[in-house]
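A.B. asks: I need the structure of the sequence given here:
(one chain, ligands or ions: 4)
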Amino acid sequence: MNKQHRPYARQKFCFRWRGRRWYDPNERKVIWSALGMALFTLAARILILGLSSTHPTSLMAKSSPAHGIIGTAHDLSSTGLYQVTHATEVCIFCHTPHDSYTGIEQVIPVWNHATTTAQFVMYTSPSVKGTLDSQPMGPSLACLSCHDGTVAMGALHEAPPGGGQSDYSQAGGGVNRTTGLMEGANRLGNDLTAVHPISLTYRDDLNKSLRHPAELIGVRLYPSNAQGGKVQCGSCHDPHNFGIDGGTAPFLRVTKQGSSLCLSCHLM
Ligand code: HEC
Ligand code: HEC
Ligand code: HEC
Ligand code: HEC
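C.D. replies: Ligands and ions are numbered 1, 2, ... in the order given. So this is what the prediction gives:
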């Protein structure tokens, strides 16, 4: 571990309990035990899911064992990182294959989580050449439907079989054990003026210090790099995968080391 990056690593490798964090001075030990736990959880889930043959998580876990959502902060099941609910399914908190929201309510493919109705304060800056939507759209609105702290984790269109999704009494991390609302560091609220601009058109034609969309590696524009489009939360974060650097980079598509993430789009 590079000494220069220590403060950041220390900030992220911490134990959380009831929204509070404790930092462990012995980072390596924590890294290895976290890796061990992640592998153990993954193995256990492959076994359990293999036996119960619940699709599609079992398929995902089997096809890409070291990669995926199982055991991350986005695994809100009873065996996920923070054991947010007593449910046993994972994808259900965001998608459902048969009874999802439809039409404009379907902010991402087969969306199953209630969408926030908050009014957001968007980023503004005279130097930005691209155009920001007046409110966050699509894939960013999905993230904010949990991360603005106004919608409970278990507020779903279709509940998992057997229920259990709205009991948060065992939740670790920053989810309130009574309301199921997000609190603490991962709660962004509705003021996006201090967050990298999102729901923003990527205009490399107007801003020459941006790479051409076809040159982008790792990061993602919406709908796609080939078509070009917008910067959304998912441009930097992949909600389905452990960050590229594990716990130090939450769901990040590209490492923060040497600012690689930023330099994936910005030519500076
Ligand atoms: C915490 C929320 C969340 C969970 C849980 C989740 N997804 Fe997603 N998913 C998203 C978001 C947000 C998008 C929109 C595209 C993006 O940002 O990557 C998405 C998009 C997708 C897509 C469309 C492909 C794409 O990249 O646009 C597929 C397929 C998908 N998810 C499958 C799954 C499966 C399978 C699971 C369970 C193993 C799952 N997702 C769990 C949030 C989630
Ligand atoms: C269904 C609710 C839900 C949705 C939708 C959702 N998240 Fe999360 N996310 C969570 C929860 C719960 C946590 C853990 C929060 C905690 O305990 O503090 C989390 C944690 C995170 C973290 C921090 C991870 C860590 O290890 O500390 C990041 C980054 C994140 N989410 C990004 C996103 C992005 C980007 C999207 C959209 C692409 C998204 N989330 C959509 C529920 C959600
Ligand atoms: C330009 C890239 C980028 C975009 C766009 C982006 N993030 Fe992040 N996000 C990061 C990085 C890098 C971190 C790592 C923490 C840090 O260095 O502050 C992070 C950290 C986080 C965290 C962990 C808590 C924290 O503040 O450190 C959450 C939650 C999160 N992002 C959610 C989101 C959501 C939701 C959106 C869309 C509204 C979003 N991010 C858009 C790069 C991005
Ligand atoms: C997916 C591509 C992408 C990534 C990754 C990315 N940015 Fe950006 N960033 C943009 C775009 C597009 C703009 C708007 C530029 C414009 O329209 O003039 C922007 C704007 C900015 C601005 C200028 C805001 C202003 O008010 O003029 C800063 C500063 C910035 N980004 C910093 C960062 C940092 C730091 C990172 C890494 C954590 C990062 N960006 C990662 C695409 C990206």
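A.B. asks: What values do phi and psi take at Val231?
C.D. replies: Main-chain dihedrals, Val231, degrees, to the nearest 10: phi -90, psi 130.
A.B. asks: scratch that, Tyr222
C.D. replies: For Tyr222, the backbone dihedrals are phi -110, psi 130 (criterion: degrees, to the nearest 10).
A.B. asks: who's it bridged to?
C.D. replies: Beta bridges link Tyr222 to Lys230 when assigned by DSSP bridges.
A.B. asks: Quick one: neighbours of it, just the number.
C.D. replies: Number of residues near Tyr222 (other C-beta atoms under 10 Å) recorded here: 22. In this view, the C-beta of every residue, glycine as well, is placed from N, C-alpha and C.
A.B. asks: Hmm, it is touching Cys233, no?
C.D. replies: No - counting by C-beta atoms under 8 Å, Cys233 is not a contact partner of Tyr222; they are 9.8 Å apart.
A.B. asks: How about the contacts made by the spatially most central residue of the chain?
C.D. replies: Nearest residue to the geometric centre of the chain (C-alpha atoms, centre = their mean): Pro239, 3.5 Å. Pro239 makes contact with 69, 74, 94, 143, 251, according to C-beta atoms under 8 Å, 6 or more residues apart in numbering.
A.B. asks: Just the pLDDT for the second one.
C.D. replies: Reported pLDDT at His74 in the predicted model: 95.
A.B. asks: sorry, back to before: state the distance from the residue nearest to the centre of the chain to Ile104.
C.D. replies: 21 Å (C-beta to C-beta, to the nearest Å).
A.B. asks: do the same with Leu216
C.D. replies: 28 Å.
A.B. asks: Those two: which has the busier surroundings?
C.D. replies: Neighbour totals were compared for Leu216 and Ile104, and Leu216 leads with 20 against 7 (other C-beta under 10 Å).
A.B. asks: Isn't that one up against Leu267?
C.D. replies: No - the pair Leu216 / Leu267 is not scored as a contact, 11.6 Å apart, by C-beta under 8 Å.
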